[in-house]
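Undergrad: Sharing a sequence plus its predicted fold:
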Amino acid sequence: MSMVCEVLRVSKALAQGVITTPSTIHEILESLEGSEAVLSLEKSWDGLHFMLTGTMSEGVSPLNFLASGGIPVGTEDVGYGPARVIAPEAVIAIHAALTQISEDDFKAKFNPEQFKALEIYPAIWDEDHGELLGDYLGYFLSMKDHIALAAASEEALIIVIF
């Protein structure tokens with residue numbers, strides 16, 4: 001079974017509403033499915049989290065947002081636990097931190113051998129280095145752009161792993 005991560009851009013009001021009424025998360029996810037508000041990081045999320053934080057599942061805010069940042073949406077299970085909401089103020093901090101990471105910085109930190117040794121998900125680290133780097137750099141740049149849009153619009157994020 002796969003573990004896929006999606007990063008959803010939502011209004012501050014919608015984010016506050018889902019925190020107040022967690023049971024609405026399922027209809028929100030359904031209503032946004034296929035929209036430009038949703039960025040699927042597919043299975044790359046764990047490798048991206050490790051590259052941003054140097055940790056397996058924790059890390060320091062704001063760069064820990066993929067695996068452990070934000071406020072859990074109650075106990076509503078959306079696949080692998082509850083979704084998490086990241087407030088607009090935190091989105092702006094994430095954006096600022098991500099802008100400090102250049103493509104060259106990303107490429108220099110990309111180490112499939114280390115990911116394999118640490119059992120970073122998914123177990124694909126024996127594949128071609130150039131192809132892996134291209135895929136992960138693409139996800140990273142898409143994520144930076146997606147979060148930049150959210151920050152510019154003062155939107156919140158919902159992080160879902162399913």
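TA: The structure has been received and is ready for your questions. Numbering: from 1, shown residues only.

Undergrad: which SS class is the residue nearest the centre of the chain?
TA: Centroid-nearest residue in the chain: residue 66, 3.7 Å away (criterion: C-alpha atoms, centre = their mean). At residue 66 the chain is in coil, as set by DSSP: H, G, I helix; E, B strand; the rest coil.

Undergrad: you'd agree it is up against residue 3?
TA: No - the criterion here is C-beta atoms under 8 Å, and residue 66 misses it with residue 3 at 11.6 Å. For the C-beta atoms, the positions are set from N, CA and C on the backbone; glycine is no exception.

Undergrad: any residues in contact with both of those two?
TA: Jointly contacting residue 66 and residue 3 under the rule C-beta atoms under 8 Å, 6 or more residues apart in numbering are residue 45.

Undergrad: Okay, now the unreliable bits of the chain?
TA: Filtered on pLDDT under 70, the chain yields the residue ranges 1.

Undergrad: As a check, name the ranges of all strands in it.
TA: 5-10, 38-42, 71-77, 82-86, 156-161 (DSSP state E).

Undergrad: Return the distance of the fourth one from the chain's centre.
TA: Spelled out, it's strand 82-86. How far strand 82-86 lies from its chain's middle: 11 Å, per C-alpha atoms, centre = their mean, to the nearest Å.

Undergrad: quick one on the thing from earlier: ok, which of the strands of the chain comes nearest residue 130?
TA: strand 38-42 (18.6 Å; C-beta to C-beta).

Undergrad: Can you list the strands that that closest one pairs with?
TA: Its sheet considered, strand 38-42 pairs with strand 5-10 (antiparallel) by DSSP bridges.

Undergrad: For the partner strand, report the contacting residues that lie outside it.
TA: 18, 28-29, 32, 37-42, 44-45, 66, 143, 146-147, 149-150, 153, 155-162.

Undergrad: and the angle from it to strand 82-86?
TA: 50 degrees (axes from the mean of the first three to the mean of the last three C-alpha atoms, to 10 degrees).

Undergrad: I'd like the distance from strand 5-10 to the chain centre, please.
TA: 7 Å.

Undergrad: before we move on, what about stretch 110-123?
TA: Averaging C-alpha positions (C-alpha atoms, centre = their mean) puts stretch 110-123 18 Å from its chain's average.

Undergrad: rewinding a little: out of the strands of the chain, which gets nearest to residue 110?
TA: Closest approach to residue 110 among the strands of the chain is made by strand 38-42 (15.5 Å; C-beta to C-beta).
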